[in-house]
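**Student:** return a 3D structure for these sequence lines:
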Amino acid sequence: MFYKIEKKLLFIIKFAPSLLIILLSIFTTYFIEQSYNQQLKDEINFTTNFYIKLNNEQLEEDIIKVQEYIENEDKNSQKKLKLYIKERVYEAHSIATKIYEDNKNTKSKEEIFQLIKTALGSIIYNEGRGYFFIDDINGFNLLQPLNKSLENTDLSETKDLKGYQFKKTIMQTIKDKSERFDTYYWPKNSDDKKAYEKISFYKYFAPYDIAIGTGEYIIDFEKRLKNEVLEYIHNLNKSSKSYIFILHSTGEMLLHQNELLIGKNTLSKSYIGNIENSKKFIQIAQKGGGFVSYTNSTLKGIDSYKKTSYIGTYQPWKWTIGTGYSNQALEKIIAKVKLSLEKKHDESFKEILIASSIITVLLLIASLVLSKYLETIFTNYKERIKEEEKEFRNLFEYITIGLSICDVKGNFINVNSAFHDMLGYKNKEELLKKSWYDISNDEFIKTEDKSFQELIAKKISTYTIEKSYIKEDGTHLDALITANLLRYKGEVHNILFSIIDITDIKAKDKLFFQQSKMASMGEMIANIAHQWRQPLSLISTASSGLKIQKEYDNLDDESFEKSLSAIVNATEYLSQTIEDFKNFFTPKEEKEFFSLNTLYEKTMMLVSGELIDKKIKIVPNIEDIELHSYQNDLIQILINIINNSKDAFKDKEGDKVIFIDASVTSEKNVILCIRDNAGGIAEDILPKIFEPYFTTKYKSNGTGIGLYMVMEIIQKHMNGTIKVENKSFEYQGKYYKGTEFVINIPSLD
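**Tutor:** Next comes the predicted model:
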């Protein structure tokens with residue numbers, strides 16, 4: 001039987017590789033072709049989508065630029081209007097001043113005033129709407145070019161259509177000998193009952209104790225502004241060969257490539273274009289904008305064609321703004337690219353076929369050589385199996401780790417020498433009569449049996465536990481066991497146990513725990529350093545915000561540079577602080593000379609922003625002392641204690657004050673005293689605050705190692721001491737209770 005199987009194996013070794021290579025070559029070539037075809041389709045789809053997206057993005061960008069231009073012009077319209085009428089009044093004031101100065105020595109004041117009235121009254125601008133008027137301090141109108149009947153009349157009680165007595169404002173301007181802008185509502189003519197908003201400017205003219213003024217209706221100025229905007233976009237269309245059209249929500253065409261359409265109502269039946277397109281454009285604009293595809297027929301001398309446009313809007317003016325491109329032109333570009341891709345694909349596939357054929361031939365030759373080699377080594381296969389089986393049995397039997405094999409009921413099927421020696425049995429036959437239940441300590445059986453049953457049920461694939469075995473002499477063996485499934489044809493066949501005597505290892509657990517605790521502390525400090533990088537990101541973001549403010553002229557250069565420098569300096573310093581804490585247990589920094597005032601200022605630079613936000617006041621009393629110590633560590637100590645106080649103020653109302661005192665003793669020790677008025681720490685908690693992992697916060701808000709680190713730095717790194725207690729004290733006539741930390745750092749010099 002084995003001989004027949006061996007002959008089949010030899011036949012497979014001789015011919016299977018060659019047959020496999022041929023089949024593999026056929027299937028590989030087929031799948032490569034399919035892959036290339038799919039790749040070609042993907043590239044064509046990608047190219048099509050790319051060009052469509054590129055064109056659409058350009059359309060949207062063009063419309064957004066136009067919208068931003070219109071919005072900017074609209075926002076600045078009143079500013080421009082005010083500047084315009086102010087300049088007109090200044091011109092009139094200059095004319096009046098010139099006339100007065102030229103004639104004051106030769107003519108009477110009445111004659112000179114008539115000359116001024118004649119000169120200013122003859123100046124009419126803004127297509128007949130603009131004129132200059134003169135009022136005196138009593139509210140009498142002295143010049144009204146467009147309504148002579150009002151001249152020399154008392155208008156002091158005149159009100160606009162909303163009841164505002166704007167003439168009183170003019171009289172007050174004269175009394176103040178100043179100038180000012182004013183806004184009131186006035187009809188455009190005597191027959192008009194509707195009030196229109198009007199902006200005016202008055203300027204005091206000293207020689208006659210009068211005010212010279214002019215004004216403009218906002219609606220008239222806005223109309224002129226819209227025409228200027230349309231003219232600008234029209235010129236933009238010509239210069240850039242772009243195509244921007246603008247519709248009013250009423251359907252009036254305000255701007256179009258076909259100038260015959262300008263001024264036409266695109267929603268009327270007489271409109272030569274597609275009314276439905278116009279309705280669609282206006283509807284899209286009212287929804288905020290978007291893309292639309294349609295058939296265009298509005299260009300003179302050009303047949304209808306498919307088009308894609310992006311529609312935007314400027315809602316304050318009820319304008320629909322659009323631009324687009326011809327689908328046909330885009331399709332021609334895509335067709336050229338598609339043809340190029342197909343040609344490239346065909347050439348690449350031909351090269352692959354040639355390479356595949358060459359590789360197939362080479363592999364066939366290699367397979368013949370390999371078959372011969374496999375046939376040679378196959379004859380040695382049986383001997384090798386026998387040797388390996390022998391080696392495996394020796395390994396199982398003589399390995400120093402205890403091994404045992406059990407059936408699914410826990411009965412021992414086989415055990416090695418190491419295992420029965422661990423348990424003190426003379427030979428393994430005595431163990432093979434037992435199960436692992438029989439030799440296990442009762443207190444471990446229930447726990448292990450649960451894992452054993454889960455292993456048999458294939459809910460888990462392995463388990464490891466510490467347990468105690470009962471040796472033959474009745475004593476106990478502490479062991480670490482690992483159980484693994486042995487499968488046969490996918491089903492659980494047996495269970496292999498590996499057993500390690502851990503009696504000696506457990507004696508070292510206490511030392512290992514202490515070492516692990518120190519290592520964990522280093523990891524926590526690294527985590528803190530990682531979490532502290534968020535303020536660095538916020539500071540960098542603030543720096544970017546300042547630059548944006550500068551670009552919009554909201555910040556002067558001096559303040560900008562000063563603020564930016566402060567933020568960058570804080571970022572660099574905070575980054576260095578993080579690195580100092582990451583390396584806390586293996587410090588490399590050297591002592592440095594610095595003053596207590598510098599120490600305080602650097603600390604405040606890091607925490608003052610949040611303290612101000614939470615309305616916490618710092619009261620410093622710092623002696624200007626130079627010391628030789630670890631500046632970064634001292635800063636971190638202050639930050640931790642200040643943060644502890646800040647958290648204590650969370651639910652406190654009223655004054656929130658932190659006092660920081662620094663002085664030097666006769667022994668040249670520095671004493672730092674940090675005290676708050678947050679109410680103090682509960683007496684039962686106070687003794688625990690320097691313990692590692694102790695915290696009164698939720699786990700998401702604190703780790704309980706902040707004050708522990710403070711104590712470690714002071715005691716281990718600086719050979720100092722720290723004490724904490726609750727104190728009652730008086731400040732500005734009020735009595736408070738709070739927590740006081742006192743730090744004593746000796747031998748600083």
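**Student:** what is the neighbour count of the closest residue to T400 other than its chain neighbours?
**Tutor:** Ranked by Cβ to Cβ, 6 or more residues apart in numbering and with sequence neighbours excluded, the top spatial neighbour of T400 is A418, at 5.7 Å. Yep, even glycine has a C-beta here, placed from its N, CA and C like the rest. Neighbour count of A418, defined by other Cβ atoms under 10 Å: 19.
**Student:** right, and A418 touches L403 too?
**Tutor:** Yes: between A418 and L403 there is a contact under Cβ atoms under 8 Å: 7.1 Å.
**Student:** the helix or strand harbouring I637: how far from the chain's middle?
**Tutor:** For I637, the element it lies in under DSSP states H and E is helix 631-648. Relative to its parent chain, helix 631-648 has a centroid offset of 28 Å by Cα atoms, centre = their mean, to the nearest Å.
**Student:** identify the residues contacting it?
**Tutor:** Here helix 631-648 makes contact (Cβ atoms under 8 Å, 6 or more residues apart in numbering) with 576-577, 580-581, 589, 592, 594, 598-600, 602-603, 606-607, 610-611, 614, 616, 658, 660, 672, 674, 676, 678-679, 681, 697, 706-707, 709-710, 713-714, 717-718, 738-739, 741, 743, 745.
**Student:** and the helices in the stretch 551-700 of the chain?
**Tutor:** Assigned helices in the stretch 551-700 of the chain, in chain order: 557-582, 596-613, 631-648 (criterion: DSSP state H, counting those that start in this stretch).
**Student:** weakest of these by average pLDDT?
**Tutor:** Comparing mean pLDDT across the helices of the stretch 551-700 of the chain, the weakest is helix 557-582, with a mean of 61.
**Student:** helix, strand or coil for the most far-flung residue of the chain relative to its centre?
**Tutor:** In terms of distance from the mean C-alpha position of the chain, T106 ranks first, at 75.5 Å (Cα atoms, centre = their mean). Of the three states, T106 takes coil under DSSP: H, G, I helix; E, B strand; the rest coil.
**Student:** same for the helix or strand hosting V710, what does it pack against?
**Tutor:** Per DSSP H and E, V710 falls inside helix 706-712. Using 3 or more Cβ pairs under 8 Å, 6 or more residues apart in numbering; DSSP states H and E as the contact test, the elements touching helix 706-712 are helix 631-648.
**Student:** list the buried residues in the helix it packs on.
**Tutor:** For helix 631-648, burial by neighbour count (16 or more other Cβ atoms under 10 Å) applies to 631-646, 648.
**Student:** one step back: which residues sit in contact with the residue nearest to T400?
**Tutor:** Neighbouring residues of A418 by Cβ under 8 Å, 6+ apart: Y398, I399, T400, I401, G402, L403.
**Student:** ditto for I246
**Tutor:** Contacts of I246 by Cβ under 8 Å, 6+ apart are L230, I233, M253, L254, L255, H256, W319, T320, I321, G322.
**Student:** most neighbours of all those, which one?
**Tutor:** Counting neighbours by other Cβ under 10 Å, I321 leads the contacts of I246 with 26 neighbours.
**Student:** looking at the contacts of A418, which one is closest to E222?
**Tutor:** Checking the contacts of A418 against E222 with Cβ to Cβ, the nearest one is I401 at 92.8 Å.
**Student:** nearest spatial neighbour of that closest one, skipping sequence neighbours?
**Tutor:** Using Cβ to Cβ, 6+ apart, the closest residue to I401 is S498 (5.6 Å).
**Student:** against V229, how distant is the one you found?
**Tutor:** 85 Å (Cβ to Cβ, to the nearest Å).
**Student:** before we move on, what about T29?
**Tutor:** 64 Å.
**Student:** so which of the two has more stuff around it?
**Tutor:** Counted by other Cβ under 10 Å, T29 and V229 do not tie: V229 has more neighbours, with 21 against 16.
**Student:** element containing the more buried one, please.
**Tutor:** Applying DSSP H and E, one finds V229 within helix 218-240.
**Student:** now do that helix: which elements does it pack against?
**Tutor:** Packed next to helix 218-240, using 3+ Cβ pairs under 8 Å, 6+ apart, are helix 2-75, helix 77-103, strand 196-205, strand 253-255.
**Student:** tilt between the longest one and helix 218-240?
**Tutor:** Inter-element angle recorded for helix 2-75 and helix 218-240: 130 degrees (by axes from the mean of the first three to the mean of the last three Cα atoms, to 10 degrees).
**Student:** got the angle for helix 2-75 vs helix 77-103?
**Tutor:** Between the axes of helix 2-75 and helix 77-103, defined by the same axes, to 10 degrees, the angle is 30 degrees.
**Student:** and if you look at the third one?
**Tutor:** Following the same axes, to 10 degrees, one obtains 30 degrees for the angle between strand 196-205 and helix 77-103.
**Student:** run me through the strand neighbours of strand 196-205, direction for each.
**Tutor:** Counting by DSSP bridges, the strands paired with strand 196-205 are strand 179-186 (antiparallel), strand 210-217 (antiparallel).
**Student:** quick check: which of the ones you listed is nearest to T308?
**Tutor:** Go through those one by one with Cβ to Cβ and the one that ends up closest to T308 is strand 210-217, at 41.3 Å.
**Student:** for the closest one, which outside residues touch it?
**Tutor:** 81, 84-85, 88-89, 92-93, 96, 120, 126, 129-137, 142, 170, 173-174, 188, 196-205.
**Student:** mean confidence (pLDDT) on that strand, please.
**Tutor:** Mean predicted lDDT for strand 210-217 stands at 93.
**Student:** return the distance of that strand from the chain's centre.
**Tutor:** Its chain's average C-alpha position is 52 Å from that of strand 210-217, according to Cα atoms, centre = their mean.
**Student:** could you do stretch 87-98 as well?
**Tutor:** Remark: stretch 87-98 is offset 55 Å from the chain centroid, using Cα atoms, centre = their mean.
**Student:** dump it to CSV, restricted to CA.
**Tutor:** Extracted C-alpha coordinates of stretch 87-98, given in CSV (Å, rounded to 0.1, in the frame of the first residue of the first chain):
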residue,chain,number,x,y,z
GLU,A,87,-14.9,115.1,0.6
ARG,A,88,-17.6,117.2,-1.2
VAL,A,89,-18.3,119.2,2.0
TYR,A,90,-14.6,119.8,2.5
GLU,A,91,-14.4,121.0,-1.1
ALA,A,92,-17.3,123.4,-0.4
HIS,A,93,-15.7,124.5,2.9
SER,A,94,-12.4,125.2,1.0
ILE,A,95,-14.3,127.3,-1.6
ALA,A,96,-16.1,129.3,1.1
THR,A,97,-12.8,129.8,3.0
LYS,A,98,-11.1,130.9,-0.2
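**Student:** what comes up buried for that stretch?
**Tutor:** Applying 16+ other Cβ under 10 Å to stretch 87-98 flags R88, V89, A92, H93, I95, A96 as buried.
**Student:** same question for stretch 104-118.
**Tutor:** Per 16+ other Cβ under 10 Å, stretch 104-118 contains these buried residues: I112, F113, L115, I116, K117.
**Student:** can you say which helix or strand has the third one in it?
**Tutor:** Going back to what we said before, that points to L115. Residue-wise, L115 maps onto helix 109-121 under DSSP H and E.
**Student:** can you list the helices and strands that the helix or strand just after that helix packs against?
**Tutor:** Using DSSP H and E, the next helix or strand after helix 109-121 towards the C-terminus is strand 133-136. For strand 133-136, the elements it packs on are strand 140-143, helix 166-176, strand 210-217, judged by 3+ Cβ pairs under 8 Å, 6+ apart.
**Student:** can you say which of those is packed in most?
**Tutor:** Among the helices and strands packed on strand 133-136, strand 210-217 has the highest mean neighbour count (mean count of other Cβ atoms under 10 Å), at a mean of 24.
**Student:** what number of residues lie near S728?
**Tutor:** Using other Cβ under 10 Å, the number of residues around S728 comes to 10.
**Student:** hang on, the earlier thing: which parts of the helix holding V229 are buried?
**Tutor:** Within helix 218-240, the residues that count as buried by 16+ other Cβ under 10 Å are I218, D220, F221, E222, L225, K226, V229, L230, I233, H234, L236, N237.
**Student:** having no further points to raise, I will conclude here.
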